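Student: Could you look at this predicted model? Sequence included:
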Amino acid sequence: MMNKLLTIVLLLNLSIGFGQNKKMSFERLKAFKMSYITEKVDLDENQESVFWEIYGEYEKKIYEKCRKKIREVRKKYLLTVDSITNEEAFEAIKQINDLEHLAIKLEEERDFKLLEKFSPNTILKVHHAEYHFNRDMLNRMKKNKTKAKEE
């Protein structure tokens, strides 16, 4: 019951946050994701604390070591994509691919750590919840973008 109430409050905040056309911080997005996954994957309080300790550690690593750097590389070349050399373009592609591979390795490492404490079915439920969370977030962003264009 408490988890559902927390989820509802966080999702309402999410809607309000998107309505204000602000970029969402990593920490805020992480909180929404935690709430979403917690609701979808039945864990008791003891399991939740162990799960989020491991999961959160890896989410932070993946964000800082991969996602943030990928965004920096893309941003760097976005403005000059039509004027950079083939060598520079190749280097950017290589950097992005290397960072994506690192993210996958870290996710795999996270899953193996979680599998030491939880059943494979639980981890599969987490994957399923992550997938649906990402889809829901993209759909919300599209709706908000459409609303902003109409106004």
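Tutor: Everything's here; your move. Source: prediction; values computed, not measured.

Student: which stretches of the protein have low pLDDT?
Tutor: Counting by pLDDT under 70, the chain has low-confidence residues at 1-24, 151.

Student: and if we set it to 50?
Tutor: The chain contains residues with pLDDT under 50 at 1-21.

Student: Sketch out the helices for it, chain order is fine.
Tutor: 2-19, 26-40, 45-62, 68-78, 86-115, 120-150 (DSSP state H).

Student: What residues sit buried inside the fourth one?
Tutor: The neighbour-count check on helix 68-78 (16 or more other Cβ atoms under 10 Å) flags 69-70, 73, 77 as buried. Quick note: C-beta positions are derived from backbone N, CA and C, even for glycine.

Student: Give me whichever of the helices of the chain is most buried.
Tutor: helix 26-40 (a mean of 17; mean count of other Cβ atoms under 10 Å).

Student: thinking again about what came up before, report the two of the buried residues of helix 68-78 separated the most.
Tutor: Using Cβ to Cβ, the two most remote members of those are Lys69 and Tyr77, lying 13.0 Å apart.

Student: Grab the nearest non-local neighbour of Val50.
Tutor: In space, and not counting its chain neighbours, Val50 is closest to Lys117: 5.6 Å by Cβ to Cβ, 6 or more residues apart in numbering.

Student: give the contact list for that neighbour.
Tutor: 47, 50-51, 54 (Cβ atoms under 8 Å, 6 or more residues apart in numbering).

Student: Out of these, which is nearest to His128?
Tutor: Phe51 (14.9 Å).

Student: residues in contact with the closest one?
Tutor: Contacts of Phe51 (Cβ under 8 Å, 6+ apart): 41, 43, 114, 117-118.

Student: Hmm, Ser49 and Thr38 touching each other?
Tutor: No: applying Cβ atoms under 8 Å as the test, Thr38 and Ser49 come out as separate, 11.2 Å apart.

Student: Which residues are in contact with Lys61?
Tutor: Leu106.
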